[in-house]
Each structure stands twice: as C-alpha cells, then as structure tokens.
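In: just a sequence and a predicted model for now, questions to come.
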Number of protein chains: 2
Amino acid sequence: MVAYKTAAFAVAGALLGLSRAQTFQRLGGCPTDLGCVFPPDEADFLAGQYFDIRLEVHAPVNGSEAISRSPDEHFTFTIKKKDSDDEPVPAAKYFQLDEPQLERWNFTWTEDLFARDMGRPSLVNVTAKAYRKVALYEAGEYEATLTYYDGQQTVANWIVRDLDEERKTKNILLFIGDGMTTNMITAARLIAHKSVNGKYKSLMQMDKFPVLGHQMTHSMDSFITDSANSATTLYSGHKTTVNCLGVYADSSKNPFDDPKIETIAEIFHRVYGGHIGIVSTAFIADATPAGLTAHTRDRDQYGAVVDSFLNGITNYTWTNWTGPDVLFGGGAEQFYNSSKGGRTYMDKDYYLEFQNKGYQLAQDADSLSSLSNDERALGIFSVSNMAKWLDRNVYTNNLRNQSNSPDGNKADAVNQPGLKQMTLKAIDILNTRAGDNGWFIMSEAASIDKQMHLLDYDRALGELLELDDTIRASIEHLKELGTLKETLILVTADHGHGFDVAGSVDTKYLSAQNNTRSKRQAVGTYQNSGLSQYANTGNLTYTDGVHFPSNWDPRYTLFDGFMANPDRRENYKVHQTGPRTPSRNLTGPNNYFVNPSDNPDGLVVNGTLPVENSQGVHSLTDVPVFAMGPCQELFGGVYSSTDVFFGMADCLGLSRYSSDDSGYRRDK
Amino acid sequence: MVAYKTAAFAVAGALLGLSRAQTFQRLGGCPTDLGCVFPPDEADFLAGQYFDIRLEVHAPVNGSEAISRSPDEHFTFTIKKKDSDDEPVPAAKYFQLDEPQLERWNFTWTEDLFARDMGRPSLVNVTAKAYRKVALYEAGEYEATLTYYDGQQTVANWIVRDLDEERKTKNILLFIGDGMTTNMITAARLIAHKSVNGKYKSLMQMDKFPVLGHQMTHSMDSFITDSANSATTLYSGHKTTVNCLGVYADSSKNPFDDPKIETIAEIFHRVYGGHIGIVSTAFIADATPAGLTAHTRDRDQYGAVVDSFLNGITNYTWTNWTGPDVLFGGGAEQFYNSSKGGRTYMDKDYYLEFQNKGYQLAQDADSLSSLSNDERALGIFSVSNMAKWLDRNVYTNNLRNQSNSPDGNKADAVNQPGLKQMTLKAIDILNTRAGDNGWFIMSEAASIDKQMHLLDYDRALGELLELDDTIRASIEHLKELGTLKETLILVTADHGHGFDVAGSVDTKYLSAQNNTRSKRQAVGTYQNSGLSQYANTGNLTYTDGVHFPSNWDPRYTLFDGFMANPDRRENYKVHQTGPRTPSRNLTGPNNYFVNPSDNPDGLVVNGTLPVENSQGVHSLTDVPVFAMGPCQELFGGVYSSTDVFFGMADCLGLSRYSSDDSGYRRDK
C-alpha cells in the first residue's frame, strides 16, 4: 500500500536516516527522501477542503547526505486517482492552474547533538514550487508523485474521506482543556468532589458524558506535539509539525509561505455561512485559538495571527474569511500598538481595526456582561494570559500589581471574567446571530497547560475545575435556550503532561524536618494516602452544581508531580502568592536551577530535562474525548487526533463533492 | 440522603478526625465514628450476593479520641428497607440467624507521623459481633443502624442494585493489565507500531475495541489502591481497603475473620454452575488471581490463598466452591512444601492436593500444550513470578541461573509459557468443559505492574505488548471456536503508575557526557523527540498480526519515567541482563539509595518517595476499560471500579431476588 521509497538513491538516504532522523531532522515529513511533497504521504482530506501543495527538491552540500549536484530544476509532479484508468496528470493541469514559478533557497540544519556541539551545520540547496488553493472533490485514494533527479520518485498517497454530506448537527461546542489528561481529571475530581467510603457523592460534568474516546496526539515527525501542531490537527484533520498553525512547514525562511490547510472554522464559514466563536483564557494569539484562522509555520507571529482572526489570509489567494462573531481572551499587547508598548501587525491598533468592522469591545467582566447579543464582539481582558481561577476566586490579592489592564495603561486588570462567563456570553451572541446557519464555538481552558508547565499543580487543577464548571453551565444554558439537542458538545485536549498523584503529603511534618531524606518521610502512599482533605472538610456539598475544593491549603495535600522536570524544590503546598516559578537562570543563559525563593522549606529534586528548560514539557499520552449530542457515537474508542476533525466535519456535513459548493457529489 | 453522623458525641470525633484521618487511620471505613458497620455506608450489593456483617464498638483508651469507658457490650443492630413501612428489624431476626456471640479485643494505631516518631500508639478496646453469610434479595435502599453508647448511632445506607436477571452473555473473558494506564498503552503503541507521517499503519488490539470507559480505582479509605483491594472491587462490587482480598478489614488480629463478600467467580459458580479459569504471569497466590476466591484482609497469606483456590472458605460457613477448571501461573513455592523450601498451608503438597481432586498438572510450555481439554488443570511454571516476555523472547540468557523450576529442584525454568499460550489453553479447556453453563476467565498481565515498580520500563511495556498480543490471539481463537459472539471481552487495569514519556534520549550522547547536567542535554523534547526508533527501523510490518519492537536497543530511546521514585540512576536504555534493581539498601534497613551497579553511565536523580521505598508506587489515575461483545455498551463513559463488577454480573444475569436461587424476583 505504501510506495514510500523506490529507487536506490532514496534507500541510501533512508539508511543514513536510521540513526540520525531523531533529535534533529532535515525537514519534518521529508525525513529521508531528497524530494518532499506537502501534504505528505498518508494525508487525509475532507472532500472540497482547500489546501496548498508545496514541492521541494533538496541537494545537501555537506554532511552525511551530501551529493555533488545542484537541486533539480526540472522536477515534475503528477496527480492520479488510484481507482481510475486515468494516466497521472500534471498538477497544474489537474487543478487548472498556471504552472507555478520555480523558487530557490537554501537552509542549514544540524544532524545530531555531537554535530551541534562541534558547530557543524549541514547546508542544503533547494528548488521548490507551490500550488495554491486547490481541493480534491472525489472520495478515494490518490497518488501524488514528485519525480526528480532523473527518475527518483517521492510518492504521497492521499485519501479523501468518503463522508456523508448530510448535516447532522446545527452547532458544535468544542471545549479544549489545553494539556489536560485523564490523570489530571482524576486529581481534580479528588480535590473537588466528596466521597463517602469510596463512592463519590457528585461527579465531574465530564464524567457524565455518554461517550468517551481517546485521541492520539503525536506530531507528524515527532511523537510529542505542541499546541500549535495539535490545534492544526483538531481543526483541519492534518498532522503537521511542532509550531505550525494551519500549514505544513516547508524549509524556506519565510514563515508565511508554507502550504496551508483549510480549517473547520473556514470551511464551515464558507459552506454554510456558519458563525464562529473563539474563547480562551490564554492571550488570544496563542496557538489553540490561533489555529482556527492563522496559517504560519511560526506560532510566535502573534501580530499576523491577530490580523488573520479579522481579515483571514491576505498574502495568497485563500478561502474567504470575514471574522468570528466572538473573540474573547487575553493578550492585549497584540491589540494596542507600540505607543503603549504593544506589538501589532504593521503597528495598527487592532481594537480600532475590529471596531471599524463593527465589533463591540469589552475589556472587563462588567462590559462583557453588557455586550449586546446582536452584534459581533471582541473581548480582551488582560495583557498576556488571563488571571487564574485560583487567583480570581481565592487568592485575590494576586490580581494586584500586575500592570495588566487591557487598555495598555498599566493599571491592574482586577475585574477579569472567567472561562464560564466568556463562554456563556459567546453562546448568547452566537445563538442570537447565527440563526439557521448554526455556530461553532471553541472554548479553551488554556492555563491547565500553562500552570502545569510551571509545576503549579493547584492552579492547573483549578483551571481544570473551572473548565468543568463551564461545561456544566453551558449545558444548562443550552438547555434553557432550547438548543442543547442540536448541539454537539465535545471536550478534549491537545496533548498531555506527565502528571499523576501517588499519595498524600503531611505538609506540617515535611516542613518540620530538616533534611531532604527526612522530608520525604512526609509522603503517605497506598493506605497512608488517606482521603482528600481538599474535599472532605468544610462545606463541600453533594449537589450537582458548582464544585471546587472547600480548602486549598489543608495540612494533608496531594503528593503530585511530573515524570520529567527542571530542577525544583517541592513542599506540595498551594502557592498562595501567585503562580509558581520553579526554576531560575542563576549562572548564565539557559542554565536553570532551583528558584531559591520557591518553597524554601521543601525538598530539592534535581531535574532530568535539558538544563535550558525552566518549565515542564508535554508528554506522549493519549488524551480523552468526551462527547454528547448529535454524532456523539463518532467519538468513542481510540483514534487519531485527525479523526476529531473528520468527526466534526462529518457531523456538520462539510464534505463537498463538487467545486461549485452545491453540496452534491460529482458524478464519477 | 446520608445520615452519616447524628449525635454530638460523633461530631466531636469527626472534628478531631479532620486533621488526623489521613496518613494513618483508626480503622478504614470507620474513620470518625466509634461504632463501625461493615459493609459500610454507601455499599452497593448484587441481589442475592452473600456477605458477612461485622459490627464493632470502639473505646479509645488514650490519644485524641480517648473516652473514659469500656466498649459497649449491649449495642444493637437493625435493618430496614427504606421504601417499606416496616419497622427496623434486629439483624438476627431479619436474616433468621441466631444472635452471634459478643467478641472482644483491642488494637493500637498511630495517629500521625509525629506520634509515630515519638513512639506513641493509641490503644482502642473493642466489642464486636459478626453475622455470617447473609444476603439481601430485594432491590432498593436499606438502612442498617448500629446503636451504642446510649443512643449513639452509626447508619450504613446500603443499595441493592435493580438489575435484570436475564443472562445476556454465555462467557466473560476478563483481561487485567496490572497497573496498566492509558499512558503506558500509548508508549507501547509507539514502540511496537510503525507510523508514516503521523498515521499508524497498525494499531493495538485494544485500540480496536468498540467501547471505551474509564474506571476510578481509589480505595474505600484512601485514594490510592493496591492490587488486592482493587481486585476485590472488580470481582465483588465493593470498595474496601488496601491489602484486603474479598473482605472488609476489621480491627481484630485474626486475618481470616474479616467480613467477606461473595465474588463473581463464586456467584457464577453457585448460580449457573459456571466454570472458572484463572491465569496470571504472577505467582498465582498474588492479589489479582487470589481475589477471585480468597477472603482475608492480609494478601500475604499465600498458603491460605492457594488452599482457597481449591477448597474455598472452610473456617466459616460460606458459599459453595469446588475449584476452578484452570489455574495457570507462577508461584511454585506455595505448592511444594517445606521439604523443598516451600511454604504451604499446613505444609501440604498442593500439587498433590490438586491432583487428588482430578487436576492435570503442567510445569512447562510443552506439558501445558499437551494437557487434555477435557479435565481440569493446574499449571505452575516457575518459582515466584514468571519470566518476562523480554527475557523469554529477546534476552533469553536471563532465563539461566534462576533456580526457579516449578518442581522445587533448583533447576532453571527455561521453558515457561507466556500469557498467550496459557490463555489460549485456558479457553480450550473452559470451552470444552463448560458446555451451556458458560465460563469466566480472568487473564492477568501481572508484570506490567511488577516491572513498572522496578522502573524497568522496557520490560513493563513488553508485558503490555504481550497482553495485547494475547487479546488479539484470543479473539481470533474464539472466532475459530465459534464462541466469540457469546463472549463479553473486557480489558482493564486495577490501578495506575505515574508513568509517561516526554521525548527521546540520544543514549550515545548521554553516555559520552561526563556530568549529570551535560547528560540531561541528551534529551530531545517536542520536535526533537523525533520518531520511534524501536518501530521505524528493521522489519516491523504493517500487518494486523503480532507486534513487538523490531529493535529494543536503539540509539534513540524513550525519555520515560515516573512522577514519583526512589533514588535511581537513569540512562534510558534497555536492561539487557535482566529486570532492573534501581535502588539498594546501602546503609541499613529501610534506607534506599541508588543501586551502584544500575546504569553506571547514567544520571543520578534523587527520589521523592519515603526512603524505605525500593520501588515505585501506584498512582491515582483512572484506568481504561475496553469492551467488546454482549453488553459492551455497559462499559462506556466514566464510572466507579465497582461498576465493572455490576456490569459483568448484569451481563451474566447473576442477580437473584429469592433465596431459593430460582432466579425469580420475590414478590414484594
């Protein structure tokens, strides 16, 4: 089935690749061949989904792959539907495009850590072409063949999924708990829900979803993903590489010329005039919200990301996009311009840009609640990431002295809404405006991930519980609005962190000991872990309503942690004065040690991550998918993260088998 | 709904309990009251399921709960069905038993770590009674009330589940991956299955199951379980305490007088004459196999456990039990007697005991395959735990010099079967012998857990892959036998370990560095994790058949680990010379440091577990349940581990609403 490498030349590359294509790679998705096709072999497409094609031919100048020639200028590229008798057709003809111009560039990469230490980069000369805004309209298998270097071939086998065009849901409400794993949900349940003799008296809202699945989050060319790559997959059905938003990464220097893939927001908007809402507790240009409309291989292009929310893609021909109905989150520094210290695209004032296109503006919880449900709305509530649930609700002093007001005037953003308020308002606006066209809302609990990165387990679990409360309140609200049964609700994550809980800690005992080995004796495992003191003390109720811990600072806390860390010191207590900073750069750049002021009564644990890491990192584990509503049955069992997109697209009926977007399958 | 504490006296205890009932507890399931009822408040029952009742009244002599009186000798205990107009009935009358004798004992416990360090135990005097072999035959809610100390009450609310009596499956095949988490399945898939550009070309057998659930594994009185307690829950529907097999733990010194709960093996055997098979790669007296027939609060009573496999419970009146059809595993030292160094119940030769009751005996892979399918069989293949897949199949030299032959003659057990061979033979025997009565087989991959405890990630993942291969082969075999569609197949775990993978390690680079911080630079995260070198090199196929890594010792390995550890040194390479010993007792008892001979080229990481831990420990995370076959729909979503039992019992139609076992619901 997989004609991946054929000629002797490529096999030589493959053999070299066995030991090297690991820590560093020449180009993801093109690990051994010198000819590269994006979308690559094994890509799946929705019928009618727009995408760009990027072709590259590499001529390594030095290093283990060096060849003594220039990159091929005369490569060819053909498309063939596999079950047809047609001959392979040149791509320009197949897609009825002019043959694109040949492009040239070069790039360097490092083959392994020894080469890095010796300062020996490998240079590669490149010829390339791009076919922009194409689509495949027939279900089935395709063979896309790049021919170069006198008969050398790189074949990409593509599949267009054979999905029903019928629309089965009016709306989709997609919750993403960034970095959220089953392990974290288990810990959050433990601290917020009371149990009696092993029986929970209330459950997480997620626990009550009728269908459970697991999705595999790995990247195309590495087994650990970041949030940009995984957002791209969830929204487009294509696995790509770390840091990519809505594109495959090519090897050119330009971060905006990479081959794009149309996202569910863009397709839904194009096909049905569907209305889109984007909500996040992160700065809104962050990867998970950005992935719905941005197309760049560099997720750090925040200014361009914000522009793409409003204006879509403007540098190449691309699918039409006219902005979301709702954009709520943090990240004011990408909206006010340099006059206030912001960094925006072309130094524009994006508050103004949005308002000029008819958006209402909210900048705190009160103005959010005052927004009309009839007009589009931008809500930016803080500089950078929004405040955490624990600080907004328990340790409120931490909202002071942040100089993070969204107007850029250095006041404190003390009146920030939470995910629940933002999401309920988004539902109100979308439900009012979308009419029969329906809506798609993505609501992200971003700081589960951000606080897990900081090893601030309490804040991370607070964010997770806020997400669960948001889900609960959203279901109630959709029921009130009479639209629950026509809304598919999904709750999932984009990747994991290697977090778990292995017992309890007697923090009073730990603090009273004077050496590391004695402090470890404060840990209780198995029967000595006892019961949760977060939930089983105080006035925690048994009701189905809001559930958070009744006590965040009990004597007996969770013995929690990661499987990989920077150096850190643990006392297992809540960080009452604000989000944790576990490690600091004490001796020079990129050399992190325990932060001397973090948990001074704790026990030092040396890390295992590379010393340039100040934070924890993402992990491999499959993450859960909870589904309820129309098409819920599509989301049970274990599957690729790409299938979350295809399940949503199937449920919305987004496949189009004709280029006239009429929704009818083209005759074969 | 929960009348848990009522009188002022108990409230005082409750307040004291807030800060203490954590690391240590007076008695699990009775954390604050001085009157204790087992089964406790919130227990669920199958209609007709046998159980014992234990009542205790405590009189603390010293410590924070001290009272100045003797334990009540005149306590009373009543049962009342909640929806009836009946008055509460004394238990002896309700169950038509003679009033049991009053028992007396005392015990000590330690209130917290400070009390432990100061050597200050708390003494408790006890009065107690036990009602043996009772059952409830009407669905609904019951109130069981212990009255003591002049009106003090402890109320246990019990629920008898209202399940259908109709039988929906002929057979159940229950696979338990001991300690297996979603994170481990993800890692096993990565090392054994090939992917191309992010798409796996083959999947785990578990991945293909149609229904996925999560079960919560926590213990009754602590949030971390061991395998005894969790086995009890999976087999009986009752959460109990760590180290308990088929009982609730009372406070008496006798480990065999604790209140019992009838297990699914016992009920299925009693109600339908169902045939039972027990297969494990552990020593067969270990908790997970033992839980099907043993009833003791001390899982280490191995001799008694082996006797209970054959003879059931003999010290009290209890449900009839005549032995399993198949008992396959390790643990010969609990079969041959002291003349060969074994330790058996009453020093009997249990090979002989089993053979005297008609069992065939197998002691290696060849004799296993030669067993007749018509007769019952005992197969014991090694002293202690059986050899690991990695040693049986890759590093076979490690089978030498083990002195572990099951006959006790100190030869090496070099011809041990694997889980697959044992399970397929068990299916053959059970399917031949059970006829219309049907069968229940429990097949345990025990050393996922055992090797995770040792931080031997490779061996643990090898065991997990062997489990998956066993599941695949079992499905194929059941299909061949024509019995697949009448067999419910479940795959689950009993608890987790805090394991995950966060990237790759360039082991060549790590080994070449000369200090810990430099060695950490060998770790590649995110895009630098690259692809699995275990699966993407060599001759690994794309087929649906057997899948194990093609290379266990690549240069680029997994960056894996736990969230809680003893001291250890990591080089992230396979342990070619046998299972790992990460830490050793260097300076005296219960004080573990890095094993000097483990991974001498690795980087030292100090642990966070109490220093008496030589191994890793269990973790909190919910574990997956994969289901296919009749009733598969009962196992989707998130639920208590107790519901695995109730789902299986429901599917087998084990509820009985009359004490005559006729299967008809008693008129109300």
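Out: Structure's in. What do you need? Everything numeric here is computed off the predicted structure, so don't read it as measured data.

In: taking the stretch 201-350 of chain A, what residue is nearest to chain B?
Out: A:Lys239 (3.2 Å; Cβ to the nearest Cβ). In short, each C-beta sits where N, CA and C put it, glycine included.

In: you'd agree that residue is in a strand?
Out: No - membership of A:Lys239 in a strand is not supported by DSSP: H, G, I helix; E, B strand; the rest coil, which gives coil.

In: quick one, what contacts it?
Out: The contact partners of A:Lys239, taken as Cβ atoms under 8 Å, 6 or more residues apart in numbering or on different chains, are A:218-220, A:229, A:233, A:640-642, B:197-199.

In: out of the residues you listed, which sit inside helices?
Out: A:229, A:233, A:642 (DSSP state H).

In: residues near the closest residue to the last one other than its chain neighbours, how many?
Out: Okay, so that is A:Thr642. Leaving aside its sequence neighbours, A:Thr642 sits nearest to A:Gly237 (Cβ to Cβ, 6 or more residues apart in numbering or on different chains; 4.7 Å). Neighbourhood size, A:Gly237 [other Cβ atoms under 10 Å in any protein chain shown]: 27.

In: look up phi and psi at A:Lys81.
Out: phi -80, psi 130 (degrees, to the nearest 10).

In: what residues does the stretch 401-550 of chain A put near chain B?
Out: With the criterion set to Cβ under 8 Å from any Cβ of the partner chain, the stretch 401-550 of chain A comes near chain B through A:496-504, A:506, A:509, A:512, A:516-517, A:520-533, A:537, A:542.

In: buried ones among those residues?
Out: Neighbour counting by 16 or more other Cβ atoms under 10 Å in any protein chain shown classes A:496-504, A:506, A:509, A:516, A:520-533, A:537 among those as buried.

In: any weak-confidence spans in the stretch 1-150 of chain A?
Out: Filtered on pLDDT under 70, the stretch 1-150 of chain A yields the residue ranges A:1-23.

In: cutoff 80 now
Out: By pLDDT under 80, the weakly predicted segments of the stretch 1-150 of chain A are A:1-23, A:31.

In: quick one: the strands in it?
Out: A:35-38, A:44-45, A:51-60, A:76-81, A:89-90, A:103-109, A:122-134, A:140-148 (DSSP state E, counting those that start in this stretch).

In: got it, and the stretch 201-350 of chain A?
Out: Using DSSP E, counting those that start in this stretch, strands in the stretch 201-350 of chain A cover A:211-216, A:275-283, A:326-330.

In: format the ones you listed as CSV; extra columns: distance to B:Ile264.
Out: As requested, the strands of the stretch 201-350 of chain A are exported to CSV (distance: least, Cβ to Cβ, whole Å):
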stretch, distance to B:Ile264
strand A:211-216, 24
strand A:275-283, 45
strand A:326-330, 51
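
In: export those strands to JSON lines and append columns for distance to chain B.
Out: Compiled in JSON lines, the strands of the stretch 201-350 of chain A are given as follows (distance: least, Cβ to the nearest Cβ, whole Å):
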{"stretch": "strand A:211-216", "distance to chain B": "5"}
{"stretch": "strand A:275-283", "distance to chain B": "18"}
{"stretch": "strand A:326-330", "distance to chain B": "23"}
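
In: and the ones you listed as TSV, adding mean neighbour count and mean pLDDT?
Out: Listed next are the strands of the stretch 201-350 of chain A as TSV, based on neighbours: other Cβ atoms under 10 Å in any protein chain shown; pLDDT from 0 to 100:
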stretch	mean neighbour count	mean pLDDT
strand A:211-216	24	98
strand A:275-283	28	98
strand A:326-330	28	98
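
In: ok, which of the ones you listed comes nearest B:Glu103?
Out: strand A:211-216 (46.2 Å; Cβ to Cβ).

In: among the residues of the stretch 401-550 of chain A next to chain B, name the ones in helices.
Out: A:509, A:512, A:516-517, A:520.

In: how near is the spatially most distant residue from the centre of chain A to chain B?
Out: Farthest-out residue of chain A from its mean C-alpha position, per Cα atoms, centre = their mean: A:Asn514, at 42.8 Å. As for A:Asn514, its distance to chain B is 13 Å (criterion: Cβ to the nearest Cβ, to the nearest Å).

In: break chain A down into its domains, please.
Out: Using automatic domain parsing, the domain parsing of chain A gives A:8-160, A:171-498+A:619-652, A:499-617.

In: between the ones you listed, which one is nearest to B:Phe283?
Out: Closest among those, using Cβ to Cβ: domain A:499-617, at 20.0 Å.

In: which ones are touching the residue lying closest to A:Ser370 once chain neighbours are set aside?
Out: Leaving out its chain neighbours, the residue that sits closest to A:Ser370 by Cβ to Cβ, 6+ apart is A:Ala362, at 7.5 Å. Contact partners of A:Ala362, counting by Cβ under 8 Å, 6+ apart, are A:328, A:368, A:370-371, A:377-381.

In: got phi/psi on A:Ala362?
Out: phi -120, psi 140.

In: who does it form a beta bridge with?
Out: On the basis of DSSP bridges, A:Ala362 is bridged to A:Gly379.

In: ranges for the helices of the stretch 151-300 of chain A?
Out: A:182-192, A:227-236, A:264-272, A:287-290 (DSSP state H, counting those that start in this stretch).

In: deepest-packed of the ones you listed, please.
Out: The highest mean neighbour count among the helices of the stretch 151-300 of chain A, using mean count of other Cβ atoms under 10 Å in any protein chain shown, belongs to helix A:227-236: a mean of 30.

In: average pLDDT across that helix?
Out: Average pLDDT, helix A:227-236: 98.

In: may I ask which two of the contacts of A:Lys239 are separated the most?
Out: A:Asn229 and B:Lys199 (14.6 Å).
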